[in-house]
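*Asks:* need a structure here:
(chains A and B)
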Protein chains: 2
Amino acid sequence: MTEPVFQRLAVIGCGLIGGSIALAARERGAAASIAVAARKADTLERARQRGFAETYTHDAAEAVADADCVIICVPVGATGEVAAAIGPALKPGAIVSDAGSVKASVIALARPHLPETVHFIPAHPVAGTEQSGPDAAFAELFDGRWCIFTPEGDVDADALAKLTAFWERLGASVETMDAAHHDLVLAITSHVPHLIAYNIVSTANDLQTVTRSEVMKFAAGGFRDFTRIAASDPTMWRDVFLHNREAVLEMLGRFSEDLTALQRAIRWSDGDALFDLFTKTRAIRRGIIDAGQEADLPDFGRPHGAGD
Amino acid sequence: MTEPVFQRLAVIGCGLIGGSIALAARERGAAASIAVAARKADTLERARQRGFAETYTHDAAEAVADADCVIICVPVGATGEVAAAIGPALKPGAIVSDAGSVKASVIALARPHLPETVHFIPAHPVAGTEQSGPDAAFAELFDGRWCIFTPEGDVDADALAKLTAFWERLGASVETMDAAHHDLVLAITSHVPHLIAYNIVSTANDLQTVTRSEVMKFAAGGFRDFTRIAASDPTMWRDVFLHNREAVLEMLGRFSEDLTALQRAIRWSDGDALFDLFTKTRAIRRGIIDAGQEADLPDFGRPHGAGD
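*Replies:* Alright, predicted model coming up:
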């Protein structure tokens, strides 16, 4: 068996991401022992039933007391509160990281509460499903995915190497960029896609000329694809939009401007403009499949036929 | 073996839809013999290699000559041309149908070319994948899906019953509505979703601040979902937007209005408005799963882990 990367890992938050990190770390031997903390009683109880860790507590400070590495896995808006709670209890030399979908804001929230003696390496594993909570967690979630680190200034090279080894043990690859750039990249690859998915589902829900039952029955024409990410955790996503406001508004402005041009092409029956745009978008999917970020199966590999 | 519904079926067009109809009709014994027509030599050759039919021809009029049922499966903009070609060759009493995603426009294009002696029943199977052409066809495509009929005026009850039996044999359920309502329903459940998917992929493709390679690498955050339908056939989709213009512009107007409200909520940090909207959209996915139009699997059932 390979040596564990950390002797003691603390995971704060036991939802889809925190739970999957704990399960993957156990299964792949990335930590010799794990402590998890959750605020809610039923979350902690499910974490215990699923065997996420050796230690279970409602007290984040207790969970981090002996930890070599702490990963904060809560909605980004709660990051400051968690950092304030664990700050005084952190072991000197510990690595403190997170899994938030926004980085500049997380750094601003967490940094003031963390002692100089710890190595703070903000991180974002780009992985997930539309489900949430401890029951949604699974050890394979990070296989083949990217984890983006956004360290600031001079970060200890050993700490960076250890956290990289940890994520690689969980199946991910690590990329480093600055926090502001991360927030721009994720605004277009994740945040705006979620926003427009939530939006079209809401628009369809509010129609009077088409019933909700018709929307559901005939969803296989494309709409159902959007309902997946529009079923994602509302608290997590509210926080993402509140905390990555500028980048989201910038990307959303571009999206709307481009959509207005398409709308105009439809109104003026500019078939060539539509055809050209619909042709160039095909290549991107091919690129994503070639980059190993999508299975090469029609219809996402959805089941067809009798078992559907 | 159950009796075939039709003695002779003609399918005009051998792409994903026409090919899947032919394969399903053969496999399920819905037609005693099948003739297929395709314009392009390589399409017809692939149809032959995959065994779609008994008769293969480039001449649509030849394919329909003895047919009890003809299904036109071409991009909606080509419907008038096909109807003009087959009109004089149709057998009196034959059923003429189609598979177009737009119905009012298809009726206006086809009707003038069809003799009074045939039963014209416009139809739309709400099924598909992002792939196109004869290689994408498969017999299970219509299992559990809906096929919408939009007959006008007094249509022969026997003809309606036979076409219904045919689609049910292919695994689909049949619903009837008027063409204008169909076009409105599909505008929100299929056409606008495709348009915004094409649009966000194009927006992402054109950015300077985020590279195309970054968009591809970090697509698992949500963006990759949109690239699936944005990889759909450009000719088919150009025609859909040109031929369902009014309904698409109406639904797109509502979508944009709602998106502007969400944008404002982000700008003014109205977390409650975001949370409430993100909460209500969850129920729709549950409804789609309960309606049998989506598999109850996280992440569309995408493979995770080693085989990803």
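*Asks:* need the contact list for the residue in the stretch 201-308 of chain A positioned nearest to chain B.
*Replies:* For the stretch 201-308 of chain A, the residue closest to chain B is residue A:221, as judged by C-beta to the nearest C-beta, at 3.0 Å. C-beta here means a position set from N, CA and C on the backbone, and glycine is covered the same way. By C-beta atoms under 8 Å, 6 or more residues apart in numbering or on different chains, the contact list for residue A:221 reads B:101, B:126, B:128, B:186, B:189, B:190, B:193.
*Asks:* cool, residue A:134 as well?
*Replies:* Contacts of residue A:134 by C-beta under 8 Å, 6+ apart are A:14, A:15, A:19, A:38, A:43, A:46, A:47, A:50, A:52.
*Asks:* what about the third one, neighbour count?
*Replies:* Neighbour count for residue A:19, taken as other C-beta atoms under 10 Å in any protein chain shown: 30.
*Asks:* what sits against it?
*Replies:* Applying C-beta under 8 Å, 6+ apart, the residues near residue A:19 are A:47, A:50, A:52, A:133, A:134, A:136, A:137.
*Asks:* How about the second one?
*Replies:* Residues touching residue A:15, when contacts are defined by C-beta under 8 Å, 6+ apart, comprise A:43, A:73, A:132, A:133, A:134, A:136, A:137, A:233.
*Asks:* out of the residues you listed, which one sits closest to chain B?
*Replies:* residue A:136 (6.8 Å).
*Asks:* which residue packs closest to the closest one, ignoring adjacent ones?
*Replies:* Counting by C-beta to C-beta, 6 or more residues apart in numbering or on different chains, residue A:16 is the residue found nearest to residue A:136 once chain neighbours are left out, at 4.4 Å.
*Asks:* Go ahead and confirm that neighbour touches residue A:130.
*Replies:* No: in terms of C-beta atoms under 8 Å, residue A:16 does not count as a neighbour of residue A:130; the distance is 9.3 Å.
*Asks:* With neighbour numbers in mind, choose between these two.
*Replies:* More neighbours surround residue A:16 than the other of residue A:16 and residue A:130, with 27 against 22 (other C-beta under 10 Å).
*Asks:* Please name the residues that touch that one.
*Replies:* Applying C-beta under 8 Å, 6+ apart, the residues near residue A:16 are A:128, A:129, A:131, A:132, A:133, A:136, A:137, A:141, A:233.
*Asks:* In chain A, which helix is the longest?
*Replies:* Longest helix of chain A, by residue count under DSSP state H: helix A:245-267.
*Asks:* Could I get the average pLDDT for that helix?
*Replies:* Helix A:245-267 shows a mean pLDDT of 98.
*Asks:* after that helix, next one along is what?
*Replies:* helix A:271-280 (DSSP states H and E).
*Asks:* For chain A, just list every one of the helices.
*Replies:* Using DSSP H, helices in chain A cover A:16-27, A:41-50, A:60-64, A:79-86, A:104-110, A:157-169, A:179-186, A:192-205, A:212-217, A:223-229, A:234-243, A:245-267, A:271-280, A:282-290.
*Asks:* Check which residues of the last one are buried.
*Replies:* Residues of helix A:282-290 classed as buried by neighbour count (16 or more other C-beta atoms under 10 Å in any protein chain shown): A:282, A:284, A:285, A:287, A:288, A:289.
*Asks:* Of the contacts of residue A:16, which pair is most distant in space?
*Replies:* A:141 and A:233 (14.6 Å; C-beta to C-beta).
*Asks:* how close does the closest residue to residue A:233 other than its chain neighbours get to residue A:126?
*Replies:* Once flanking residues are discounted, residue A:233 sits nearest to residue A:132: 3.9 Å by C-beta to C-beta, 6+ apart. Taking C-beta to C-beta, to the nearest Å as the measure, residue A:132 falls 17 Å from residue A:126.
*Asks:* which residues sit against the lowest-mean-pLDDT helix or strand in chain A?
*Replies:* In chain A, the helix or strand scored least confidently by mean pLDDT, DSSP states H and E is helix A:282-290, which has a mean of 92. The contact list for helix A:282-290, computed with C-beta under 8 Å, 6+ apart, reads A:294-296, B:130, B:201, B:204-205, B:212, B:215-216, B:219, B:224, B:227-228, B:230-231, B:234.
*Asks:* who has more neighbours, residue A:141 and residue A:233?
*Replies:* The residue with more neighbours, out of residue A:141 and residue A:233, is residue A:141; 25 against 21, by other C-beta under 10 Å.
*Asks:* And that one, its phi and psi?
*Replies:* With angles defined as degrees, to the nearest 10, residue A:141 sits at phi -50, psi -30.
*Asks:* quick one, what contacts it?
*Replies:* Contacts of residue A:141 (C-beta under 8 Å, 6+ apart): A:16, A:17, A:20, A:24, A:125, A:127, A:128, A:129, B:304.
*Asks:* roughly how far apart are the third one and residue A:142?
*Replies:* Using C-beta to C-beta, residue A:20 is found at 7 Å from residue A:142.
*Asks:* Tell me the residues that contact both of the two, please.
*Replies:* Contacts common to residue A:20 and residue A:142, judged by C-beta under 8 Å, 6+ apart, are residue A:127.
*Asks:* wait, what's in contact with the residue of the stretch 51-200 of chain A found nearest chain B?
*Replies:* The nearest approach of the stretch 51-200 of chain A to chain B comes at residue A:190, 3.0 Å away (C-beta to the nearest C-beta). Residue A:190 makes contact with A:101, A:126, B:218, B:221, B:222, B:223 under the criterion C-beta under 8 Å, 6+ apart.
*Asks:* Please repeat the previous calculation with a cut-off of 10 Å.
*Replies:* Residues in contact with residue A:190 (C-beta atoms under 10 Å, 6 or more residues apart in numbering or on different chains) are A:101, A:124, A:126, A:128, A:229, A:240, A:244, B:218-224.
*Asks:* With residue A:104 instead?
*Replies:* Contacts of residue A:104 (C-beta under 10 Å, 6+ apart): A:122, A:150, A:152, A:178-184, A:243-244, A:246-247.
*Asks:* how's chain A carved up into domains?
*Replies:* A:6-177, A:181-297 (automatic domain parsing).
*Asks:* now those domains in TSV, with distance to residue B:56?
*Replies:* Output for the domains of chain A, formatted as TSV (distance: least, C-beta to C-beta, whole Å):
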stretch	distance to residue B:56
domain A:6-177	43
domain A:181-297	28
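*Asks:* closest one to residue B:93 among the ones you listed?
*Replies:* domain A:181-297 (31.0 Å).
*Asks:* on that earlier part again, for the longest helix of chain A, which residues meet the burial criterion?
*Replies:* Residues of helix A:245-267 classed as buried: A:245, A:247-248, A:251-252, A:254-256, A:258-259, A:262-263, A:265-266 (neighbour count, 16+ other C-beta under 10 Å).
*Asks:* And stretch A:51-64, by the same measure?
*Replies:* A:52, A:53, A:55, A:56, A:57, A:60, A:61, A:62, A:63, A:64.
*Asks:* you'd agree the last one is up against residue A:12?
*Replies:* Read it as residue A:64. Yes: if you go by C-beta atoms under 10 Å, residue A:64 and residue A:12 touch, sitting 7.4 Å apart.
*Asks:* Right, I'll call it a day here.
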